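> Just to be clear, the model below is a prediction. Sequence and coordinates:
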Amino acid sequence: MQQVILAGFGGQGILSMGKFIAYSGLEEGKNVSWLPSYGPEMRGGTANCNVIVAEEEVGSPIISKASALIVMNQPSLEKFEDYVEEGGVIILDSSLVPVMPKRKDVKVFAIPATTKAYEFGNATFAGIILLGKLIEETKIVAPENFEKALYKILPPKKHGLIPAEMEALKFGAEF
Amino acid sequence: MGEKLLMKGNEVIAEAALRAGCRHYFGYPITPQTEVAHYMAKKMEQIGGVFVQAESEVAAINMVYGAASAGVRAMTSSSSPGISLKQEGISYSAGAELPMVIIDIVRCGPGLGGILPAQCDYFQMVKGGGHGDYNLTVLAPCSVQEMYEVVVGAFNIADRYRTPVVVMGDGYLGQMMEAVEFRDEEPIAKIDKSSWAACGHKMEREHNTITSIYIEADVLEAHNNKLQAKYREIEKNETRVEEFNCEGADVIVTAYGTVARIVKNVIKDAEKEGIKVGLIRPITLWPFPSESYAKYADKVKGFLCVEMSTGQMVEDVRLAVNGRNTVDFYGRTGGNVPSQSAILEEVRKIAAKKK
Amino acid sequence: MAIVFQKPHGLTDKAFHYCPGCTHGIIHRLVAEVLDELGIEGDTVGVSPVGCTYNNYEYFNCDMVQAAHGRAPAVATGLKRSLPGKTVFTYQGDGDLAAIGTAEIVHAATRGEKITTVFVNNAIYGMTSGQMAPTTLVGQTTTTTPFGRKPELHGYPVRVCELLSTLEGAVFVERVAVNNVQNIKKAKAAIKKAFQVQQAGLGFGIVEILSICPTNWGMSPAKSLEWLEQNMMEHYPLGNFKGKDLEV
């Protein structure tokens, strides 16, 4: 069972990143849950979601011990760092998170995802780059199922972007 | 069965209602259930159904009252403060014996409270937030798939017994996405409403009246007795509960909705410590599955009731256990959720008791 | 022998419970005659209010739904949206419509619900024994304005037709009275037109009927009619506010 917390500012695509993973898990025939934080702000503010991908039935959709954490701002790192289980994974966007985690018992991957996304010519790819590392490290889903999920969730007019997104995913995995 | 789709609980509520043949939705915006209205607004216009954004919660429930009077499957959805406003119409609907489905995606109170998830509406739904002697059938799913099942079932119960039925879930159940698999065809109870509905008599029968007022004492008492007889039937036929791991359990934890799922995780944690924990999860909060508790009352070291409230369902658990064992309580409020570790700590205390 | 006058079929045989001199009986009859003349009794659903006419479902022969206090326009909305081919009307008093049910009537009119409202304005709460209504006139004595309605304490009486006629959704708005034969005939014509406007699918229609309450006004019926003419008609002018020329 993989339990992932994704957190950042509203508008960074945090909730969508979580959905991508959940849909990919479904493609893989696993049990999944996606639980968003929801707040009074429609834009801005903080956003996070809990995603669980499991062979077995998903018990609580609320994560008390995360196998992985993806953060895209400093406050989220501070808030969720301690949720990560020993030996777990923290993946952060070092373009936006200047101070590194205090934890020494977890694997930390700092990727300048936002900066690199601009190099890809699309700022929205930052999340995909981080997900690339998540998939590489945790094997939460197979990249081909991630790709299948993208074709399912994204509207047809955005399907042209998917090959580039898969490139970004690969870049993140190899970073 | 079709393919598995990933959907939000709120969207599934709307889709399930449509599949159950509901073509009349009346609502007012309130977080965290607004996706129900969004989904309905879009679909109803596409399929020629009725979606009305009412001027108030009060108007919305009364529009449902009107539609249900006409004999169609009708529903509304809201969240706690909105439900408080609807209570007048709910009492009238119970009194007038109108089949309808009311969705309550619960947020924390009292007052405007907050928008985070809670289970603090147990009293107002199960014990009757409106005036008079009546019971609502209250269904409490714990997953998105079960949300679908109970919403379809709610329409059938409503029609079968001519009674308002509530589907109650905490904010997380509305907001959460999980896989859901829809049936190709729903088991829709075909109930002929023409004998009582106010839909125009075409000069072919006496005129029908929908009313909840009975000015004479004996007439109203007879009406109340009739309602009570109906409630006894519902108790007999519709009580639903999940008993999990209860045989031979040291401790039984009871919870509904999302909290019950947290308890399932606790069961695994406790097992590692050699404590056998069972779960009683009421699926109908009314009728309450009292027998499930009575059955184990003399067999366990104690019961623990866990809620996202300061202790509401626990009263019914204590009535069911009826003094034969201890019923402890653990709850969180304000949008906080009882943590696995805190529940486990409470379980340990009970398990440590001498039998 | 030729029948020259009989009870309309739209009314049941049940005897009215209204006080002697009350004008509700006349208004019920007018509505029932309209149901007869339009031949729509079997295709009409009426909504009873809370107030003296709470149980007029016993008097009207069409299907009837009893509503909570003030909620009749919302209930009628639910009915009409479920039965688009049927005629739906509400029968409401001034407390029901213009106090506790203000939001419901304004928004039913705003939405242009294709329903008809028969609004009985007698400037007082009847059933609860003579309290101030939103339509109680300045200076009028009631059980809750024992020294007369004072604007500085109790505000001013509301003119419902004038208010609703500003709304696009309200297409037929007329104020009538049942104080004499001539006006009773006009009242019936207005009610009939309002039902026809609904049948034509044009929008929301309301007929406000100035009425008397001898019991709670503390006057004889004859004196009450005089009081209506001398006081109510001044504050609530009769006439059509909207929809007079609608083709139906």
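Sure thing, it's come through.
> going forward, measure contacts and count neighbours with C-alpha atoms only.
Fine.
> Compute the number of surrounding residues for the closest residue to A:Gly13 other than its chain neighbours.
The shortest distance from A:Gly13 to any residue that is not its chain neighbour, by C-alpha to C-alpha, 6 or more residues apart in numbering or on different chains, is 7.0 Å, and that residue is A:Gly127. If you count neighbours by other C-alpha atoms under 10 Å in any protein chain shown, A:Gly127 ends up with 27.
> element containing C:Arg130, please.
Careful, residue C:130 is Gly; it's not Arg. Secondary structure here is read from DSSP states H and E; on that basis C:Gly130 sits in neither a helix nor a strand.
> domain ranges for chain B?
What automatic domain parsing lists as the domains of chain B is B:4-238, B:242-351.
> Of all residues in chain C, which one is closest to chain A?
Closest to chain A within chain C is C:Ala103: 27.0 Å, counting by C-alpha to the nearest C-alpha.
> How about the secondary structure of that residue?
The local conformation at C:Ala103, judged by DSSP: H, G, I helix; E, B strand; the rest coil, is helix.
> Please look at it and B:Val58 and confirm they touch.
No - C:Ala103 sits out of contact with B:Val58 when judged by C-alpha atoms under 8 Å, with a separation of 9.7 Å.
> These two - which one has more neighbours?
B:Val58 (24 against 20).
> List the contacts of that one.
Contacts were defined as C-alpha atoms under 8 Å, 6 or more residues apart in numbering or on different chains; by that measure B:Val58 touches B:85-86, B:88-89.
> Show only the entries of the residues you listed found in helices.
Here DSSP state H is the test, and those give B:85-86, B:88-89 as lying in helices.
> how close does the closest residue to B:Asn322 other than its chain neighbours sit to chain A?
Residue nearest to B:Asn322 in three dimensions, not counting chain neighbours: B:Ala294, with 7.9 Å by C-alpha to C-alpha, 6+ apart. According to C-alpha to the nearest C-alpha, to the nearest Å, B:Ala294 and chain A sit 26 Å apart.
> so B:Ala294 sits right up against B:Arg318, yeah?
No - here B:Ala294 lies out of contact with B:Arg318, judged by C-alpha under 8 Å, at a distance of 10.0 Å.
> After the helix or strand harbouring B:Ser93, which helix or strand is next? Please name it.
Applying DSSP H and E as the criterion places B:Ser93 in helix B:80-95. On the C-terminal side of helix B:80-95, the closest following helix or strand by DSSP H and E is strand B:100-106.
> Show me what that next one is packed against.
The criterion is 3 or more C-alpha pairs under 8 Å, 6 or more residues apart in numbering or on different chains; DSSP states H and E, and the helices and strands that strand B:100-106 contacts are helix B:57-70, strand B:74-78, helix B:80-95, helix B:144-161, strand B:164-170, helix B:171-175.
> 10 Å instead, please
helix B:9-19, helix B:57-70, strand B:74-78, helix B:80-95, strand B:137-139, helix B:144-161, strand B:164-170, helix B:171-175 (3 or more C-alpha pairs under 10 Å, 6 or more residues apart in numbering or on different chains; DSSP states H and E).
> which residues sit in contact with the residue of chain C closest to chain A?
By C-alpha atoms under 10 Å, 6 or more residues apart in numbering or on different chains, the contact set of C:Ala103 is B:55-56, B:58-59, C:70-71, C:73-74, C:97, C:109.
> Go through these and say which is closest to B:Ile350.
Looking at the contacts of C:Ala103 and their distance to B:Ile350, the nearest is B:Val58, at 45.1 Å (C-alpha to C-alpha).
> residues in the stretch 51-200 of chain B within reach of chain C, list them.
Where the stretch 51-200 of chain B comes near chain C, counting by C-alpha under 10 Å from any C-alpha of the partner chain, the residues are B:51-52, B:54-56, B:58-74, B:88-89, B:91-93, B:96, B:196-200.
> hang on, C:Glu152 in a helix?
Yes - following the definition three-state DSSP, C:Glu152 is counted among the residues of a helix.
> Pull the number of nearby residues for it.
7.
> same deal with C:Pro49?
C:Pro49 is surrounded by 26 other residues when neighbours are defined as other C-alpha under 10 Å.
> who are the neighbours in contact with it?
For C:Pro49, the contacting residues are C:55-57, C:65-73, C:90-93, C:96-97, taking C-alpha under 10 Å, 6+ apart as the criterion.
> follow-up on the earlier one: of the residues of the stretch 51-200 of chain B next to chain C, just the buried ones, PyMOL syntax please.
The PyMOL command for the buried members of these (criterion: 16 or more other C-alpha atoms under 10 Å in any protein chain shown) is given here:
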select buried, chain B and resi 51+52+54+55+56+58+59+60+61+62+63+64+65+66+67+68+69+70+71+72+73+74+88+89+91+92+93+96+197+198+199+200
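> surely the residue nearest to B:Asn322 meets B:Phe303?
No - assessed by C-alpha atoms under 10 Å, B:Ala294 is found out of contact with B:Phe303, at 11.1 Å.
> Longest helix in chain C, by number of residues?
Chain C, longest helix under DSSP H: helix C:181-199.
> Check which helices and strands the following helix or strand past that one is in contact with.
Tracing the chain past helix C:181-199, the next element assigned as helix or strand by DSSP H and E is strand C:204-210. Under the contact criterion of 3+ C-alpha pairs under 10 Å, 6+ apart, strand C:204-210 touches strand C:87-93, helix C:102-110, strand C:116-121, helix C:160-164, strand C:170-177, helix C:181-199, strand C:239-242.
> where exactly do the helices run in the chain?
No chain was given, so I picked chain A. Listed in chain order (using DSSP H), the helices of chain A are A:14-27, A:74-80, A:113-119, A:126-138, A:143-153, A:162-174.
> ah, I was thinking of chain B
B:9-19, B:34-47, B:57-70, B:80-95, B:122-126, B:144-161, B:171-175, B:217-238, B:258-272, B:290-296, B:313-321, B:340-351.
> Quick one: residues in contact with the last one.
Residues from elsewhere that reach helix B:340-351 (C-alpha under 10 Å, 6+ apart): A:60, A:62-65, B:249-253, B:259, B:261-267, B:269-270, B:273-277, B:300-306, B:326-331, B:339.
> neighbour-wise, which of B:Ala294 and B:Phe303 wins?
More neighbours surround B:Phe303 than the other of B:Ala294 and B:Phe303, with 30 against 18 (other C-alpha under 10 Å).
> Thanks a lot, see you next time.
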